[in-house]
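Student: Below are the sequence and a predicted model; questions follow.
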Number of protein chains: 2
Amino acid sequence: MRIGELSRRTGVSVRLLRYYEEQGLLRPERQPSGYREFREADVATVGRIRSLLGAGLGTAEISGVLDCFVEDCERLVPTCAEMLGDLERARERMTGMIDDLQESRRMLDAVIAAGPSEEPERAMLYRP
Amino acid sequence: MRIGELSRRTGVSVRLLRYYEEQGLLRPERQPSGYREFREADVATVGRIRSLLGAGLGTAEISGVLDCFVEDCERLVPTCAEMLGDLERARERMTGMIDDLQESRRMLDAVIAAGPSEEPERAMLYRP
DNA sequence: CTAAACTCTGACATCGGTGTGAGAGTCAAT
DNA sequence: ATTGACTCTCACACCGATGTCAGAGTTTAG
């Protein structure tokens, strides 16, 4: 499919899709006219890119992570042994982020469960 | 403590600490000379700010989240009822990020467990 | 053939988060 | 009083991610 269709189906702007290609996150084929030709699987890839960006990973790390997966195959294989260290570091980083988010969410849960204060002025700020 | 000490203890630059104050994330007292005076609790606050930024939240959302907590108190109280909606949305957003990170981490785990491929050229990329 | 829609590349711009430097005031030890 | 370290504000700069626009080529339906 062409870039406009991918944009409509993913909700991601054409500008950003070109930027993702520039950053190595997407690798569309090119027609003789120079037009990009994306694959059906790219719809899911763009979704993944968006969620990883939203979760704080940068394009360079996402590119490395995406390089690890093999499409339409039960067995996932890293493209080379050297990437294992990178993958493990990416994994650790994700674990740290998950831990941070979970702890923050627990605190939010406690605040939400407490309900609105009847005396907001009395409540001191977390950073007084 | 003064800004230089907070910077050393947290590993965060003086420039960033001033930026965080500018964004409402930190609220140091001011001495008559204009010097900032931070609290011991600000060391932990800065740590939390860093991890939330790293996890993809922006300074505006972090400021709202930090406003919800009460220092040195068993019971956490939101400062006003209107924030509950914001807190719940922040909570949902964190849940979405956690889910995304966990799914990506599961995929990384599968790749790492598979070990290095002996024929990396044979492996197709996730985005072929 | 025509026209509208689509796409190309390149360039400029914005915003958030970050770094660096200038000029001047403050602090604290000597 | 002096001096080195620290701190203040302001300004400029960079980078990543994003948006907008211009000029020109391509596609597709009529």
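Tutor: In hand now; what should we look at?

Student: Might you report the residue contacts of the nearest residue to A:Thr59 once chain neighbours are set aside?
Tutor: Excluding its sequence neighbours, the residue lying closest to A:Thr59 (CB to CB, 6 or more residues apart in numbering or on different chains) is A:Gln23, at 4.1 Å. Any C-beta I mention is one placed from the backbone N, CA and C, and that applies to glycine too. A:Gln23 makes contact with A:Thr59, A:Ala60, A:Ser63, according to CB atoms under 8 Å, 6 or more residues apart in numbering or on different chains.

Student: Please report phi then psi for A:Gln23.
Tutor: Main-chain torsions, A:Gln23, degrees, to the nearest 10: phi -90, psi 0.

Student: Same check on A:Phe38?
Tutor: Per degrees, to the nearest 10, the backbone of A:Phe38 is at phi -90, psi 160.

Student: ok, now which ones touch it?
Tutor: Contacts of A:Phe38 (CB under 8 Å, 6+ apart): A:Met1, A:Arg2, A:Ile3, A:Glu5, A:Leu6, A:Leu26, A:Pro28.

Student: correct me, but A:Gly56 touches A:Ile98?
Tutor: No. With contact defined as CB atoms under 8 Å, A:Gly56 does not count as touching A:Ile98 (10.9 Å).

Student: burial count for A:Tyr20?
Tutor: 23 (other CB atoms under 10 Å in any protein chain shown).

Student: cool, and A:Cys68?
Tutor: If we define neighbours as other CB under 10 Å, then A:Cys68 has 25 of them.

Student: List phi and psi for the spatially closest residue to it that is not a sequence neighbour.
Tutor: Spatial nearest neighbour of A:Cys68, chain neighbours left out: B:Val111 (4.6 Å); criterion: CB to CB, 6+ apart. B:Val111 has phi and psi values of phi -70, psi -40 when expressed as degrees, to the nearest 10.

Student: what does A:Glu37 give?
Tutor: phi -120, psi 110.

Student: Report the buried residues of the helix or strand harbouring A:Arg9.
Tutor: Counting by DSSP states H and E, the element that carries A:Arg9 is helix A:3-10. Across helix A:3-10, burial judged by 16 or more other CB atoms under 10 Å in any protein chain shown covers A:Ile3, A:Leu6, A:Ser7, A:Thr10.

Student: The closest residue to the last one other than its chain neighbours and B:Gln23, how far apart?
Tutor: Translated: A:Thr10. Sequence neighbours aside, A:Val46 is the residue nearest to A:Thr10 in space, at 4.4 Å (criterion: CB to CB, 6+ apart). Per CB to CB, to the nearest Å, A:Val46 is found 31 Å from B:Gln23.
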